[in-house]
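Novice: Compute the structure for the input listed below.
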Amino acid sequence: MSKMKETALTIAGLASVLVAGQTVANAASTYTVQKGDTLSELANKFNLTVEDLVKTNKITDANMIFADQQIEVPTQEELNENALNTTAASSANSAASDAASSAMSEAVASMTAASEAAASKAAESEAAAASVQAQPVAQDTAVAEQAAPVAQQAAPAAAPAAGGSVYDQFIANGGTDALWQNIVMPESGGNPNAVSPNGYMGLGQTKEGWGTGDVATQTNGLVNYAVSRYGSVDGAVQFRAANGWW
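Specialist: Next comes the predicted model:
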């Protein structure tokens, strides 16, 4: 074998050893915990953080490891990949949350618009009925021929619902616009007589006693329930927006 060929083979062998050594260095390894070891010492030993070891090994208590316990020592490549996966998952969760919030806002806006349209139509019908009733009562033909006209009495207009609309009564009895828009409308559509297939009743859809009765009773019960369970009306609104129920 020529001298040049021997030299070439020697260099190739050294390159193989270096590549093999680099592969071993980059691969994840396992360390057996010795008596007296701590995660902090192991992190320093392997140029890692305690959090790296905790996440990789799913350790619940960073202050408690045991002798002979097998600890996986991650490579930098694995740590980088885990960080990317965590970032991607966080972005996906954020996007899903934003989409759900947007859908909820659109649903509330749609229900509010429908309620206002129904209220407007009802007001127009009541106004038309009142106008018809206000017309003078038709007089008998013989009476009309008399020289002196007989004074006529206009029919009374239709009496409005006690206290105005359900919304007005709700506000007058301590309810808030936020409570109405974010809980009452999604739950019952603003109908104090609403009953769900599961038996939940009234403006706030409950099985408690305040789910029935007039608007004032239901409003007081709904506000008291929001404060007692969630600490405040705003707390109840935030919980309903986040969970879709309350």
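
Novice: Burial check on S188, number of neighbours?
Specialist: For S188, the tally of surrounding residues (other Cβ atoms under 10 Å) stands at 23. Glycine gets a C-beta too; all of them are placed from N, C-alpha and C.

Novice: Domain boundaries for this protein, per the record?
Specialist: Domain ranges of the chain: 29-77, 166-243, per the TED database.

Novice: now the ones you listed in JSON lines, with mean pLDDT?
Specialist: Output for the domains of the chain, formatted as JSON lines (pLDDT from 0 to 100):
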{"stretch": "domain 29-77", "mean pLDDT": "93"}
{"stretch": "domain 166-243", "mean pLDDT": "96"}
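
Novice: Next, please give the residue ranges for the helices of the protein.
Specialist: 3-26, 39-45, 50-57, 76-133, 141-144, 166-172, 177-179, 185-188, 215-230, 233-243 (DSSP state H).

Novice: Quickly compare those and say which is most buried.
Specialist: Each of the helices of the chain was scored by mean neighbour count; the highest is helix 185-188, a mean of 21, by mean count of other Cβ atoms under 10 Å.

Novice: So which other helices or strands are in contact with it?
Specialist: Judged by 3 or more Cβ pairs under 8 Å, 6 or more residues apart in numbering; DSSP states H and E, helix 185-188 is in contact with helix 76-133.

Novice: Please identify which of the helices of the chain is closest to A67.
Specialist: Proximity to A67 (Cβ to Cβ) singles out helix 39-45 among the helices of the chain, at 12.8 Å.

Novice: And S102, how far from N182?
Specialist: Distance, S102 to N182, by Cβ to Cβ, to the nearest Å: 15 Å.

Novice: hang on, I meant N93
Specialist: As judged by Cβ to Cβ, N93 and N182 stand 23 Å apart.

Novice: Same question for F66.
Specialist: From F66 to N182 the distance is 51 Å (Cβ to Cβ).

Novice: Name the residue in these two with the higher neighbour count.
Specialist: With neighbours defined as other Cβ under 10 Å, F66 and N182 compare such that N182 has more, 23 against 8.

Novice: quick one: the more buried one and F239 touch, right?
Specialist: No - with contact defined as Cβ atoms under 8 Å, N182 does not reach F239; the gap is 10.0 Å.

Novice: that older thread, looking at the helices of the chain, which is nearest to G209?
Specialist: When the helices of the chain are compared by Cβ to Cβ, helix 215-230 sits nearest G209, at 7.3 Å.

Novice: what's the angle from the closest one to helix 233-243?
Specialist: If you take axes from the mean of the first three to the mean of the last three Cα atoms, to 10 degrees, helix 215-230 sits at 80 degrees to helix 233-243.

Novice: Can you name the residues in contact with helix 215-230?
Specialist: Helix 215-230 is contacted by residues 163, 166, 169-170, 172-175, 179, 183-184, 192, 202-204, 206, 208-212, 232-233, 235-236, 238-239, 246 when judged by Cβ atoms under 8 Å, 6 or more residues apart in numbering.

Novice: And stretch 71-80, by the same measure?
Specialist: Stretch 71-80 has contacts (Cβ under 8 Å, 6+ apart) with 26-33, 42, 46, 48, 52-53, 56-57, 65, 82.

Novice: State whether F66 and K35 are indeed in contact, as I suppose.
Specialist: No - when contacts are counted by Cβ under 8 Å, F66 is not listed as touching K35 (9.3 Å).
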